[in-house]
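**Student:** quick one, fold the following:
(2 chains)
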2 protein chains.
Amino acid sequence: MSETTIERRRRLLGGSYRLFYDEPLEIVRGDDVWLHDSAGRRYLDAYNNVPCVGHANPRVAARVAEQMGRLNTHTRYLDTAILDYSEALLDTFPDAISQVMYTCTGSEAVDLALRIAARHNGGAGIVVTDNAYHGTSAAVAAISPSLGPGVPIGPHVRTVAPPLDGDGDAFAGRIAAAFADLARHGITPLAFIADGIFSSDGVVADPPGLLAPALDAVHAAGALYIADEVQPGFGRLGPDMWGFARHGITPDLAVMGKPMGGGLPIAAVALRPEIGAAFGETVRYFNTFAGGHVTIAAAAEVLSILTEPGFLDRVGESGTHLRTGLRALADRSEAIVEVRGAGLFAGVEMAVPAGRIVEAMRRRGVLLNASGPKGDVLKIRPPLTFTPAHGDLLLDALSDALEEVA
Amino acid sequence: MSETTIERRRRLLGGSYRLFYDEPLEIVRGDDVWLHDSAGRRYLDAYNNVPCVGHANPRVAARVAEQMGRLNTHTRYLDTAILDYSEALLDTFPDAISQVMYTCTGSEAVDLALRIAARHNGGAGIVVTDNAYHGTSAAVAAISPSLGPGVPIGPHVRTVAPPLDGDGDAFAGRIAAAFADLARHGITPLAFIADGIFSSDGVVADPPGLLAPALDAVHAAGALYIADEVQPGFGRLGPDMWGFARHGITPDLAVMGKPMGGGLPIAAVALRPEIGAAFGETVRYFNTFAGGHVTIAAAAEVLSILTEPGFLDRVGESGTHLRTGLRALADRSEAIVEVRGAGLFAGVEMAVPAGRIVEAMRRRGVLLNASGPKGDVLKIRPPLTFTPAHGDLLLDALSDALEEVA
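**Tutor:** I've put the predicted structure just below:
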């Protein structure tokens, strides 16, 4: 059955569509942190970040159902719901970031942020980290070295090693050198863009404040700082709502996506309004679906849950509990090199093949994944409703999996 | 009240967000072809194509509600719903187009189609029509001259006049010359892309078969033909499901979007599998939200409605009724230069300012818009559930509006 479905998928969708696991999962139902497969087996989801308030969250489902039955149009009619949501969203940002533009995907948001930034400073040169991933459009794939040699990065792009050693000054020095090299090639500075938890570079979180020298270096080079919050944003690094906040910086633009609508396609660029002024004056930008009633309704419900008193504190507590347990495992097992992360985003650098751990965990009913340039970092990134008790289930399974694989 | 909302919108969303009408509408509810504003007034919607099966379609709403309560994940788990939908969708295409890749927006679909095409033929040069609009990503804005001088088209792009005169051979000649000019500049052929109803060029539909010589010219130049079906697709030109079908051609790739999910963000590229092979082998493409359970469920319900026996025939009949009435008005009024279109997509070229007609129609409770390089073409593009009786309401209002404006 599964093999036939895989063949059919290959025929209909082609070669670009990849599946998780040696024996792919057919998921048929989700609730909270649980996914259920077609054989009736339940899995603890410690990987999916999009359903940030839990799979099939009933509040989000009810809000979407109500809105679907009433109205779903676009931003060329007046609507206060999008404005109320925008205000609530911008309230979670530093005061300087007081404007927001909507897209449907994180890729579109990064693509738009680059267009806005270029219109503001007239630059072209972009600096990213060695294994950065920012999205799929042509312009954004060209700044995503993690896509590998099949997708060349652009001649206007330079890469710098991420601050794996926690040395923010050295990281800032590499960024300054990269912009200097671009200038030497006659390429004017446009932007530095980084995911504040360095997801695809293998998860780098500490120390807090790490990115402050980078911000200064970017500005000294005459470039703009774009915080890619698609992965760290919306409380993933709880108690902080945004990845940049953990480092005490205010970027020029921030792009967000994945968990924003709890599963529906909505993403955005938040920015300092003075940076968007030139774009707003000269460029007609209309994204048919973006900012539509239904996705805004979903996003509003998600944000109202995330901003309930205590919610993000619980994310922080569950994350601390999980990392503490992972570090206790690391003390007992030479298979674990290092435990990194913040909030409910943990990276576990392994001395054994992480892919084998991922498969062993799946057999034990826990879903997670591997990341990093060498694929040697376990990526643990569950729905934010993941509790310390769920963490204990994961830790027990991982202890067991390590014995099998190590 | 309205002015305050407009100011608030400007402050929160910035200058890129435009509104329809001198006095913008605040829409609060929709049903079928009707939109209701905050003052309780009802408008006949003869403009919005996204809600193709009607605003707040109860079948689509119910299907989405059910799926939201059950599961909404991504394409890295196995799922037969996306395969069932893909088969149903591809059944509406010629046999040669047997593969589909999903995105969230038409812009993403065009961006992806260009990446796939470039990976297949290694080309760079793109030919579009003079006032083409294909979308908002950096790569796609660069092939969208209708965005105006604020958004430069790329050095790898050539534009050709659309076949307003209905002369397909002359149109093909212009395309051949454009590719020859690209070659003379050392730019190898990538693709020709056109919206098969030339929406932003002022609506060109006739005669059927018009685009057949163009297809031959594109292939003779060594380029690929991309049919942009975002506007004409999904039965807009009923009884034909696709704009290219009306012209008896089979493109190499087809991109679709807007009405696909009845309002939720889903779009796609359908293609000849041999053209996608190189991309599939070398490029990792994962679009987080694209092909997710909820948007696929919405799209499946929309397609099941569109393919019900008689539905597309009724679109054709309602469209013929509307154009016949518009031509009768044209016979009586010198304000109308020409009536063009197919199915439920009509373009009415005006000798009087079309913008004033749009405002006059709004005062009479009918929503439509203006298009074309000079903005002199009324664009009538209602939900596909628009009946001959709705057409009569529109025609009565237009007759009245012409007397006011002309």
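
**Student:** could you use CA atoms for every contact and neighbour count after this?
**Tutor:** Noted.

**Student:** can you list the neighbours in contact with stretch A:240-248?
**Tutor:** Residues from elsewhere that reach stretch A:240-248, judged by CA atoms under 8 Å, 6 or more residues apart in numbering or on different chains: A:92, A:195-197, A:208-212, A:227, A:229, A:232-237, A:250-251, A:312.

**Student:** list the buried residues of that stretch.
**Tutor:** Buried residues in stretch A:240-248, defined by neighbour count with 16 or more other CA atoms under 10 Å in any protein chain shown: A:240-247.

**Student:** ok, so of those, who is nearest residue B:351?
**Tutor:** residue A:242 (54.3 Å; CA to CA).

**Student:** where's the residue most central in space within chain A, which helix or strand?
**Tutor:** Centroid-nearest residue in chain A: residue A:231, 1.2 Å away (criterion: CA atoms, centre = their mean). Secondary structure assignment for residue A:231, by DSSP states H and E: no helix or strand.

**Student:** tell me who's in contact with it.
**Tutor:** For residue A:231, the contacting residues are A:49, A:195, A:197, A:199, A:256-258, by CA under 8 Å, 6+ apart.

**Student:** what does the worst-scoring helix or strand of chain A on mean pLDDT contact?
**Tutor:** Least confident helix or strand of chain A, by mean pLDDT, DSSP states H and E, is helix A:2-13 with a mean of 89. Contact with helix A:2-13 is made by A:17, A:24, B:78, B:80, B:83, B:86-87, B:98-101, as judged by CA under 8 Å, 6+ apart.

**Student:** selecting buried members of those in ChimeraX, what would you type?
**Tutor:** Selection of buried members from those for ChimeraX, criterion 16+ other CA under 10 Å:
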select /A:17 /B:78,83,86,87,98,99,100,101
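
**Student:** in TSV: the contacts of helix A:2-13, plus distance to residue B:186, pLDDT and secondary structure.
**Tutor:** Shown next, in TSV, are the contacts of helix A:2-13 (distance: CA to CA, whole Å; pLDDT from 0 to 100; DSSP: H, G, I helix; E, B strand; the rest coil):
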residue	distance to residue B:186	pLDDT	secondary structure
A:17	34	94	coil
A:24	46	95	coil
B:78	45	95	strand
B:80	46	95	helix
B:83	42	98	helix
B:86	39	98	helix
B:87	41	98	helix
B:98	33	98	coil
B:99	32	98	strand
B:100	32	98	strand
B:101	31	98	strand
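
**Student:** please convert the contacts of helix A:2-13 to TSV, extending it with distance to residue B:269.
**Tutor:** Output for the contacts of helix A:2-13, formatted as TSV (distance: CA to CA, whole Å):
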residue	distance to residue B:269
A:17	14
A:24	25
B:78	20
B:80	19
B:83	15
B:86	11
B:87	14
B:98	11
B:99	8
B:100	6
B:101	5
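
**Student:** residue A:296: which of the contacts of helix A:2-13 is nearest?
**Tutor:** Lowest distance from residue A:296 to the contacts of helix A:2-13 (CA to CA) belongs to residue B:101, with 25.6 Å.

**Student:** surely residue A:202 touches residue A:345?
**Tutor:** No - using CA atoms under 8 Å, residue A:202 is not in contact with residue A:345; the gap is 11.1 Å.

**Student:** relative to chain B, how far out is residue A:78?
**Tutor:** 4 Å (CA to the nearest CA, to the nearest Å).

**Student:** got the contact list for that residue?
**Tutor:** Applying CA under 8 Å, 6+ apart to residue A:78 gives the contacts B:5-6, B:19, B:24-27.

**Student:** cheers, nothing more for now.
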